[in-house]
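[1] here is a sequence with its predicted model. Questions after.
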Amino acid sequence: MSIITSQIQPVAQPRKRQVARVPFFAYASVAPTLLIVLAVVGMPLAYSFYLSLNRTNPITKRWIFVGFDNYTSILGGSELWSAFGRTVYFAGFSVVGTTLLGMAMALILNRAFPGRGFLRSVVLVPWAMAPVSVGVLWSFVYAGNYGALTGLLNDLGLGSLALPWLGDGFRALNLVALTNVWNQAPLTALMLLAGLQSMPNNLHKAAMLDGAGPVARFFAITLPWLKPNLLFISIIATINSLMAFDILWIMTRGGPGTATTVFAWLGYLYSFQFLKFGEGAAILYCLTVVSFLLAIFYFFVLGPRRSRAAAETGGTSAAAYGPVLASAGRGHAMAVLPALRLRRGLPRPVRTALARIGFAAAAILIFLWSALPVLALILMSVTPATDLIRTPPTMIPSAFTLQNFQTVLMPSTSSGFSTSVQAQRVPLSLLNSFLVGAAVAIISVVLGTFAGYAFARHGKNRFFSASLWGLLLTRMTPGLTIVLPFFMIFRGLGLIDTRTGLIISYCSFLLPLSAWMMKSYFEGVPVSLDRAALIDGCSRLKMMWKILLPVVRPGVIAAGIFCFLASWNEFLFALILTSTPKAQTIPVVLSGFLSQAQFYEYGPMFAASVLSITPPVIVAFLFQRYLIQGALSGAVKG
């Protein structure tokens with residue numbers, strides 16, 4: 001009996017699950033990114049929370065621990081709740097506007113037509129511009145007495161319609177939100193275009209065979225397919241709206257009165273103008289909590305319930321897009337398709353001609369929406385300063401001049417009018433922006449590539465899964481929340497007004513982005529490639545350098561472009577952490593022109609604005625293919 005038992009017992013025992021061993025190389029690859037993010041984000045966040053529990057006196061430098069009194073004080077006042085209401089309106093306007101406009105742009109750009117590549121590049125220009133440059137441009141467009149919009153109305157014989165555009169509080173809030181939409185909608189279009197290009201063609205072909213029209217196919221197929229993209233877009237657009245600071249700084253400074261004082265601006269006022277660091281940190285921490293809660297809400301509302309992969313394995317009939325409908329909770333939508341079909345009373349040739357005319361008109365409108373403001377900025381940069389402030393205003397210059405560019409590029413040899421200190425800072429600020437942007441891009445891409453490989457290959461491991469989510473949470477942290485502790489810590493370390501301080505602070509929000517993008521690129525590389533290289537005797541480091549990097553080179557380029565553009569355009573950290581020309585970047589110097597209050601500085605200001613947008617515009621035109629690939633394979637995947 002014992003023999004039988006001994007023979008049966010091994011068969012009856014369940015097998016232990018084999019757990020893949022994570023190599024040391026994976027931990028070493030992700031360690032630098034995690035340590036840097038922990039140091040430059042985690043510690044400042046903890047410091048900011050501690051700061052919010054104290055009241056500080058900037059003169060005596062005394063700290064008084066008050067617990068949660070700062071929170072109860074600000075939550076009990078009407079000032080914060082008024083700012084919260086304006087923030088909700090501003091964010092709602094921005095999110096809805098960027099989503100609708102971005103969707104229209106993506107649908108147009110997804111169609112094949114002559115000049116599509118050029119139009120894609122033009123559409124990306126407003127997003128590639130620094131928000132400070134956007135604010136400078138649109139603040140002059142909306143200037144009531146001599147602005148470009150009033151001048152255009154005068155030239156068209158509609159001068160009676162001119163208004164003090166930013167003089168009314170509610171109108172100013174709407175115009176600033178509309179400016180934010182103009183700046184952010186191209187990013188939404190980029191991400192939606194990436195989703196459209198990844199959609200299998202057989203879905204729409206099957207629906208067309210079943211008689212579904214364009215409207216029916218959009219709501220039953222395209223929209224459900226883009227649901228994961230819309231989740232990411234909603235989070236990014238909401239966070240960007242909540243963190244909107246640059247455009248408000250340039251255009252309204254929270255005014256008129258408090259009409260555009262949103263959550264972020266109120267936190268800035270308390271922290272850096274009223275010098276109430278504890279109350280300011282409490283306000284910004286409330287903003288951080290709101291960002292996290294909204295991200296969780298979006299995830300549960302828009303999160304995909306089923307995988308897209310099921311749709312890609314469908315047949316050639318209605319079953320091919322049934323899974324897409326089910327993934328959006330619309331399993332019954334097949335019965336609705338005939339009801340959504342377009343009426344076909346017109347002859348087919350007429351319908352085709354109208355469709356082509358409508359498509360061409362939409363493409364032209366998108367071009368004008370994206371390009372006209374930029375062209376106006378270029379026109380103003382070569383317009384004499386006296387023409388820019390003449391009344392009644394006009395968009396037709398009396399002459400063209402390069403004096404404005406000479407003033408900012410060669411201030412020592414400029415003539416004709418005096419050159420301000422601010423204009424003299426432009427060349428060095430351009431160099432600072434380039435050096436800081438290049439350094440941040442290199443650091444973020446190198447470390448992000450190794451971290452992305454580790455996350456892609458071992459993402460199911462609890463350590464790597466938790467680490468990845470931790471990195472993503474840092475992307476939802478408003479910059480204002482950590483810039484205050486940065487200022488306090490850097491002041492003690494002697495990093496204020498240094499390029500090194502800017503590089504460290506910029507890496508805090510660009511390292512997670514780079515790691516996430518590269519993770520998605522490596523997920524598209526077969527694991528068998530790793531195994532084959534290791535079997536051939538390659539070390540893991542040599543495998544990365546010789547085998548994998550050439551495969552993911554487009555991802556490296558895309559991540560580098562994104563990181564460089566974000567560094568070049570960053571304003572908040574540079575504004576708070578620099579104070580002299582030796583470290584100031586071009587957005588900070590550009591914002592300083594508005595404090596000159598001298599009429600002859602408008603021309604140099606617009607010339608500096610054109611110089612500030614030149615590198616991003618060149619990138620948008622030369623590398624738009626990589627930007628789209630980056631959105632397709634990195635920025636929105638996962």
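    The structure has been received and is ready for your questions.
[2] please make it C-alpha for all contacts and neighbour counts, starting now.
    Noted.
[3] how about the strands in the stretch 101-250 of the chain?
    With DSSP state E, counting those that start in this stretch, there are no strands along the stretch 101-250 of the chain.
[4] low-confidence stretches in it?
    For the stretch 101-250 of the chain, not a single residue meets the criterion pLDDT under 70.
[5] helices of that one, start to end?
    Under the criterion DSSP state H, counting those that start in this stretch, the stretch 101-250 of the chain carries helices at the ranges 116-128, 131-141, 148-155, 169-197, 201-209, 214-217, 223-225, 227-242, 246-251.
[6] out of those helices, which gets nearest to Ala362?
    If you check each of the helices of the stretch 101-250 of the chain against Ala362 by C-alpha to C-alpha, helix 116-128 wins as the nearest, at 11.8 Å.
[7] now the angle from the closest one to helix 131-141?
    Counting by axes from the mean of the first three to the mean of the last three C-alpha atoms, to 10 degrees, helix 116-128 lies at 90 degrees to helix 131-141.
[8] CA atoms only: put helix 116-128 into PDB for me.
    What follows is helix 116-128, C-alpha atoms only, in PDB (Å, rounded to 0.1, in the frame of the first residue of the first chain):
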ATOM      1  CA  ARG A 116      -1.400  66.200 -46.900                       C
ATOM      2  CA  GLY A 117       2.100  66.100 -45.500                       C
ATOM      3  CA  PHE A 118       2.400  69.900 -45.700                       C
ATOM      4  CA  LEU A 119      -1.000  70.400 -44.000                       C
ATOM      5  CA  ARG A 120       0.100  68.000 -41.200                       C
ATOM      6  CA  SER A 121       3.200  70.100 -40.600                       C
ATOM      7  CA  VAL A 122       1.200  73.400 -40.600                       C
ATOM      8  CA  VAL A 123      -1.300  71.900 -38.100                       C
ATOM      9  CA  LEU A 124       1.500  71.000 -35.700                       C
ATOM     10  CA  VAL A 125       2.900  74.500 -35.700                       C
ATOM     11  CA  PRO A 126       0.600  76.000 -33.000                       C
ATOM     12  CA  TRP A 127       1.300  73.100 -30.700                       C
ATOM     13  CA  ALA A 128       5.100  73.300 -31.300                       C
END
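[9] in it, what counts as buried?
    Leu119, Arg120, Ser121, Val122, Val123, Leu124, Val125, Pro126, Trp127, Ala128 (16 or more other C-alpha atoms under 10 Å).
[10] buried ones in the longest helix seen in the chain, by neighbour count?
    Ranked by residue count and defined by DSSP state H, the top helix of the chain is helix 348-381. By 16+ other C-alpha under 10 Å, the buried positions in helix 348-381 come out as Ala363, Ile366, Phe367, Ser370, Ala371, Pro373, Val374, Leu377, Ile378, Leu379, Met380, Ser381.
[11] what domains does the record give for this structure?
    44-76+262-303, 413-638 (automatic domain parsing).
[12] how far out from the middle of the chain is stretch 392-406?
    Centroid separation for stretch 392-406 versus its chain: 33 Å, with C-alpha atoms, centre = their mean, to the nearest Å.
[13] so Val136 makes contact with Leu248?
    No. Look at Val136 against Leu248 with C-alpha atoms under 8 Å: they stay out of range, at 10.6 Å.
[14] which residues do those two both contact?
    Common contacts of Val136 and Leu248 (C-alpha atoms under 8 Å, 6 or more residues apart in numbering): none found.
[15] point out where this protein drops to low pLDDT.
    Looking at the chain by pLDDT under 70, you get 1-20, 58-60, 298-299, 301-346, 411-419, 596-600, 628-638.
[16] ok, now with 50
    For the chain, the stretches with pLDDT under 50 are 1-19, 304-343, 634-638.
[17] and the strands in it?
    Listed in chain order, the strands of the chain (DSSP state E) span 54-57, 62-65.
[18] okay, the ones you listed, which one's buried deepest?
    strand 54-57 (a mean of 18; mean count of other C-alpha atoms under 10 Å).
[19] could you export the buried residues of helix 348-381 as JSON lines, including distance to Val262?
    What follows is the buried residues of helix 348-381, written out as JSON lines (distance: C-alpha to C-alpha, whole Å):
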{"residue": "Ala363", "distance to Val262": "35"}
{"residue": "Ile366", "distance to Val262": "30"}
{"residue": "Phe367", "distance to Val262": "31"}
{"residue": "Ser370", "distance to Val262": "27"}
{"residue": "Ala371", "distance to Val262": "29"}
{"residue": "Pro373", "distance to Val262": "26"}
{"residue": "Val374", "distance to Val262": "27"}
{"residue": "Leu377", "distance to Val262": "28"}
{"residue": "Ile378", "distance to Val262": "31"}
{"residue": "Leu379", "distance to Val262": "33"}
{"residue": "Met380", "distance to Val262": "31"}
{"residue": "Ser381", "distance to Val262": "32"}
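[20] pretty sure Asp246 sits against Val132.
    Yes. Asp246 lies in contact with Val132 (C-alpha under 8 Å); the separation is 5.6 Å.
[21] compare those two and say which is more crowded by neighbours.
    Legend: neighbour count by other C-alpha atoms under 10 Å for Asp246 and Val132, higher for Val132 (28 against 23).
[22] the more buried one against Ile250, yeah?
    Yes. Between Val132 and Ile250 there is a contact under C-alpha under 8 Å: 6.6 Å.
[23] ok, back up a step: can you put the buried residues of helix 116-128 in CSV and add distance to Thr498?
    Formatted as CSV, the buried residues of helix 116-128 follow (distance: C-alpha to C-alpha, whole Å):
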residue, distance to Thr498
Leu119, 39
Arg120, 37
Ser121, 34
Val122, 35
Val123, 35
Leu124, 31
Val125, 30
Pro126, 29
Trp127, 27
Ala128, 25
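[24] ok, of the residues you listed, which one's closest to Leu158?
    Nearest to Leu158, judged by C-alpha to C-alpha, of those is Pro126 at 27.3 Å.
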